[in-house]
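**Student:** predicted coordinates and the sequence they were generated for:
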Amino acid sequence: MNTPLRRIAISTGGGDAPGLNAVIYAVFSAAMRQGWECLGIRDGFNGILQPQHYPHGGVERLSWERVRGIAHLGGTILGTTNRGDPLRFPTQQADGTFVEIDRSDEIVAYFEREGIDALVCVGGDGTLAIAHALQQKGLRVVGVPKTIDNDLDKTFTTFGFDSAVAFASECIDRLHSTAQSHERVMVVEVMGRYAGWIALHAGIAGGAHAILIPEIDADLDAVARKIMQRDEQGRRYALVVVAEGALPLNGQRVLAAPGQAGQAERLGGVGESIAHALAQRTGKDTRVVVLGHLLRGGSPSALDRVVAKRFGTAAVRALAQGVSGVMVSLAYPNVVHVPLQDVAGRMKRVPLDGDTVQTARDLGICLGD
Ligand code: F6P
């Protein structure tokens, strides 16, 4: 377990987020300075589990030529997938249906066979649960927390979140003038899965009048009252920011697609339902904007670049110090290590007794309660 490191691999899994390339750059750069070789696994672990899909190799040896100039770019040069969990790998049966099969032993065997001493595993809760399982099977693993949703526990923030919030805020800014000019209600649906971090932060930053998050069961009559109060005061428009996981209508989540083998359910569409319900209640002209995957694109913000580079170099430092089975985490002012077992399977939702929620309330923003 504590043999000297010569060769490490990096994998990026789950939905892409701005900052992934900065982590890859940072891990490679720091590994080179340790004198290690650094490999990149394609598309999460698919590069190992589905080598037939990669005519030029599912695992590549990274080089300065490959990583130079990538840190400010969105996406991930290694590719990613949210249909490649080795613990529940979707596998087609003879009858065409898919079942989930645990293929994690093949990853461990591959590392042994290829003399790869450690893995830096970059991802959200699903990917970090895989990292934990691989660590338990004997691999040296360090996790790096990524997601625009900011829903990972045991870290102050994940990289990707700041860039997503910055873009969503800019969109809300732009919608103010058109909403005001037409005296409309604009409903803005943002991603975030089962947590309201993006909606809450972007809504506060962009000056929304109502913000609906999954942590608060929304009463649309309260939102309609807020809109009509504004109308009576001569402010005949409103911006309503809605998290995709919000639960306004009979507590039912609105899905774009149900879960299937190897793939979680996809949220989406709640903005449309809310707009319809608000139009009925207020009689106002209402429009919906779904920001969706736009939140995942573009260059990482300066903050995300710094956090991503701090995480990437900290992961290499951890391995160099003989530390593994941990996730690097931001605990202001420093990056620290937390055991993967404390992270796997946990979700961080918006605390309702926190000062950010209180800030929204004190600003007069309706939270649907
Ligand atoms: O976890 C990141 C995220 O963008 C969520 O906010 C969203 O629910 C999900 O991924 C969308 O996934 P997909 O790219 O599969 O549509």
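**Tutor:** It's in. Numbering: from 1, shown residues only.
**Student:** for A243, see how far away the one residue in the stretch 51-200 of the chain that gets nearest to the ligand is.
**Tutor:** Across the stretch 51-200 of the chain, no residue is closer to the ligand than M191, which sits at 3.1 Å (C-beta to the nearest ligand atom). (Each C-beta comes from the backbone N, C-alpha and C, glycine too.) Distance of M191 to A243, computed by C-beta to C-beta, to the nearest Å: 8 Å.
**Student:** between the two, which one's more packed in?
**Tutor:** A direct count of neighbours by other C-beta atoms under 10 Å for M191 and A243 places A243 higher, at 32 against 24.
**Student:** for the residue lying closest to the more buried one once chain neighbours are set aside, helix, strand, or coil?
**Tutor:** Closest residue to A243 apart from its sequence neighbours, by C-beta to C-beta, 6 or more residues apart in numbering: A199 at 3.8 Å. For A199, the secondary-structure state derived from DSSP: H, G, I helix; E, B strand; the rest coil is helix.
**Student:** is it true that A199 touches G192?
**Tutor:** Yes. Using C-beta atoms under 8 Å, A199 is in contact with G192, at 6.0 Å.
**Student:** mutual contacts of these two, please.
**Tutor:** Shared contacts of A199 and G192, defined by C-beta atoms under 8 Å, 6 or more residues apart in numbering, comprise A243.
**Student:** for the residue nearest to A243, what are its contacts?
**Tutor:** V190, G192, I211, L212, I213, V241, V242, A243, A246.
**Student:** just the pLDDT at the residue nearest the centre of the chain, thanks.
**Tutor:** In the chain, the centroid-proximal residue (C-alpha atoms, centre = their mean) is T147; its distance is 2.1 Å. pLDDT recorded at T147 is 97.
**Student:** and F98, by the same measure?
**Tutor:** Listed pLDDT for F98 reads 88.
**Student:** neighbours around the nearest residue to it once chain neighbours are set aside, how many?
**Tutor:** Spatial nearest neighbour of F98, chain neighbours left out: A261 (3.7 Å); criterion: C-beta to C-beta, 6+ apart. Burial measure for A261: 16 neighbouring residues, criterion other C-beta under 10 Å.
**Student:** check the one 10 residues further on too.
**Tutor:** With neighbours defined by other C-beta under 10 Å, the count for G271 comes to 27.
**Student:** which parts of the stretch 1-150 of the chain sit against the ligand?
**Tutor:** Within the stretch 1-150 of the chain, the residues that sit near the ligand (C-beta under 6 Å from any ligand atom) are G15, N82, G124, T147, I148, D149.
**Student:** wait, the fourth one touches T12, no?
**Tutor:** No. The pair formed by T147 and T12 falls short of the contact definition of C-beta under 8 Å, at 11.7 Å.
**Student:** joint contacts of these two?
**Tutor:** G123.
**Student:** now do the helices in the stretch 51-200 of the chain.
**Tutor:** Ranges of helices within the stretch 51-200 of the chain are 64-67, 104-114, 125-136, 161-182, 197-206, based on DSSP state H, counting those that start in this stretch.
**Student:** right, so those: which one is the most enclosed?
**Tutor:** Neighbour counts (mean count of other C-beta atoms under 10 Å) averaged over each of the helices of the stretch 51-200 of the chain peak at helix 197-206, with a mean of 25.
**Student:** now K348: closest residue in space, sequence neighbours ignored.
**Tutor:** Nearest residue to K348, sequence neighbours excluded (C-beta to C-beta, 6+ apart): D153, at 4.3 Å.
**Student:** what of T313?
**Tutor:** Among residues not flanking T313 along the chain, A30 sits closest, at 4.5 Å (C-beta to C-beta, 6+ apart).
**Student:** for the nearest residue to L291 once chain neighbours are set aside, give me the pLDDT.
**Tutor:** Closest residue to L291 apart from its sequence neighbours, by C-beta to C-beta, 6+ apart: V190 at 5.2 Å. We note a pLDDT of 98 for V190 in this prediction.
**Student:** burial measure for F98, as a count.
**Tutor:** F98: 15 surrounding residues under other C-beta under 10 Å.
**Student:** that one contacts F89, doesn't it?
**Tutor:** No. With contact defined as C-beta under 8 Å, F98 and F89 do not form a contacting pair (9.7 Å).
**Student:** intersection of neighbour lists for these two?
**Tutor:** Contacts common to F98 and F89, judged by C-beta under 8 Å, 6+ apart, are G262.
**Student:** show me the shaky parts of the stretch 151-300 of the chain.
**Tutor:** For the stretch 151-300 of the chain, applying pLDDT under 70 flags the ranges 249.
**Student:** residues of it that sit close to the ligand?
**Tutor:** Proximity of the stretch 151-300 of the chain to the ligand, by C-beta under 6 Å from any ligand atom, involves residues M191, G192, R193, E244, R266, L267, R296.
**Student:** what sits against the fourth one?
**Tutor:** For E244, the set of contacting residues under the criterion of C-beta under 8 Å, 6+ apart consists of E189, V190, M191, G192, R193, V254, L267, G268, V270, G271.
**Student:** the third one: what's it in contact with?
**Tutor:** I take that to be M191. I148, D149, A164, I198, A243, E244, L267, L291, G292, H293, L295, R296.
**Student:** what's the closest non-adjacent residue to the first one?
**Tutor:** Spatial nearest neighbour of I148, excluding adjacent residues (C-beta to C-beta, 6+ apart): A164 at 3.8 Å.
**Student:** and the fourth one, by the same measure?
**Tutor:** Leaving aside its chain neighbours, I198 sits nearest to G192 (4.3 Å; criterion: C-beta to C-beta, 6+ apart).
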